[in-house]
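Enquirer: after the sequence you'll find the predicted model.
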Amino acid sequence: MSRTSDLKCRKTIEKSTQKNKDKTLSIKNLIKSNNLRQFNKLDPKHLVPYTFISEKYLRSTNEHKIILITLLRDKTYQVFKKYTHEFEIQEKRALSLIEAGYTPVKYDLNKSLVRQMRNKILSFLQSHAASTLQMLQELPGFECFERSETNSIISDNFFSVLGIRIYKLFINNESFLMLDENIQLNNEAMSKCMGNDFRSRLNDYIFNTKFFKFTDSELALLIPFFFSTSLGNSPKLRELSEYYTQALFYEFSLNKRSKELISRLSEILSQIPQINVMCKNVNF
């Protein structure tokens, strides 16, 4: 090949690569701006990496949806990491304690300390409420809801989302959630402050889900999956649910989750409405 032809070929490749980068960037900008409806105007070709899974999905699903669920996964993961960072620090502390031969902390759970713990739990739940609202506003597609609808979505999923955020702090049948720098809400303290039934059912729920050893990407997608199955038959949520359910199952497929495992997970997730109601009824 002559030098002139080689230069022309290289320029053509560079131009084509830049065009694909520009298209990918434009899609990422749409995700960042939460604008899901504009995807049909974009050319989907060459934007999804070739894998056996993506090829399988491209044959059975609209190509634009594949691009969308792939980028939804990335955006959701970013939001998840942002709002679980504080618990990653607590997880590292917990693992260090376990490695050093952890024994449960024995508190003198007198009325004064229990009252103090309950106040701290309330403050923690208020902080979680604020974080849940911010997550909802940052996840693509949820910006279109009225404030009353947003409140209902948060209320319906308040404790299920909390369970996802603190999922990694339940280790070896113990809770390592820290209420402050010194107070750990271990099983004994949780029972005293919130009741034995609450502690037992919450632990059963979280430790049953820990059996699946969720990846961070799976945990991240479970949050909008929960959000998008609220408000009964809301048309807007049905549309979002379609996207986020596909994104979640796409992630399960990439991680080679079996049908039996997903079926078992469905049974556990069916308990979530009861868990949320039970948590709301805890008397502080």
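Expert: Noted; the coordinates are in hand. The structure presented is a predicted model; accordingly, all values stated were derived computationally and were not measured.

Enquirer: please make it C-alpha for all contacts and neighbour counts, starting now.
Expert: OK.

Enquirer: so how far is stretch 198-206 off the chain centroid?
Expert: 19 Å (C-alpha atoms, centre = their mean, to the nearest Å).

Enquirer: can you pull out the strands in the stretch 101-250 of the chain?
Expert: Secondary structure of the stretch 101-250 of the chain (DSSP state E, counting those that start in this stretch): strands at 170-171, 174-175.

Enquirer: mind checking the ones you listed for the one nearest to residue 206?
Expert: strand 170-171 (7.4 Å; C-alpha to C-alpha).

Enquirer: remind me what the closest one packs against, helices and strands.
Expert: helix 196-210 (3 or more C-alpha pairs under 8 Å, 6 or more residues apart in numbering; DSSP states H and E).

Enquirer: which residues sit against the helix it packs on?
Expert: 163, 167, 170, 173, 187, 190-191, 265, 268, 271, 275, 278-279, 282 (C-alpha atoms under 8 Å, 6 or more residues apart in numbering).

Enquirer: are any of those buried, and which?
Expert: Buried by 16 or more other C-alpha atoms under 10 Å: 163, 167, 170, 187, 190, 275, 279, out of those.

Enquirer: where does the stretch 151-284 of the chain have low pLDDT?
Expert: Applying pLDDT under 70 to the stretch 151-284 of the chain flags residues 231-233, 284.

Enquirer: on that earlier part again, just put the buried ones among the contacts of helix 196-210 in TSV and tack on distance to residue 122.
Expert: Below are these laid out as TSV (distance: C-alpha to C-alpha, whole Å):
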residue	distance to residue 122
163	16
167	19
170	20
187	17
190	13
275	18
279	12
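
Enquirer: which of these fall in helices?
Expert: 163, 187, 190, 275, 279 (DSSP state H).

Enquirer: just flag the most distant two among these.
Expert: 187 and 275 (17.3 Å).

Enquirer: what is the nearest of the ones in helices among the buried ones among the contacts of helix 196-210 to residue 118?
Expert: residue 190 (9.5 Å).

Enquirer: the closest residue to that closest one other than its chain neighbours: neighbouring residues, count only.
Expert: Spatially, and ignoring its direct neighbours in sequence, residue 190 is nearest to residue 199 (6.2 Å; C-alpha to C-alpha, 6 or more residues apart in numbering). For residue 199, the neighbour count with other C-alpha atoms under 10 Å is 21.

Enquirer: quick check: residue 199 vs residue 78, distance?
Expert: From residue 199 across to residue 78, the span is 30 Å (C-alpha to C-alpha, to the nearest Å).

Enquirer: swap in residue 214?
Expert: With C-alpha to C-alpha as the criterion, residue 214 and residue 78 are 16 Å apart.

Enquirer: how about residue 135?
Expert: From residue 135 to residue 78 the distance is 10 Å (C-alpha to C-alpha).

Enquirer: neighbour count: these two, which is higher?
Expert: Comparing residue 135 with residue 78 by neighbour count (other C-alpha under 10 Å), the higher total belongs to residue 135, at 19 against 15.

Enquirer: from residue 98, how far out is the residue nearest to that one when sequence neighbours are not counted?
Expert: Leaving aside its chain neighbours, residue 135 sits nearest to residue 79 (6.6 Å; criterion: C-alpha to C-alpha, 6+ apart). As judged by C-alpha to C-alpha, residue 79 and residue 98 stand 29 Å apart.

Enquirer: check residue 199 too.
Expert: 21 Å.
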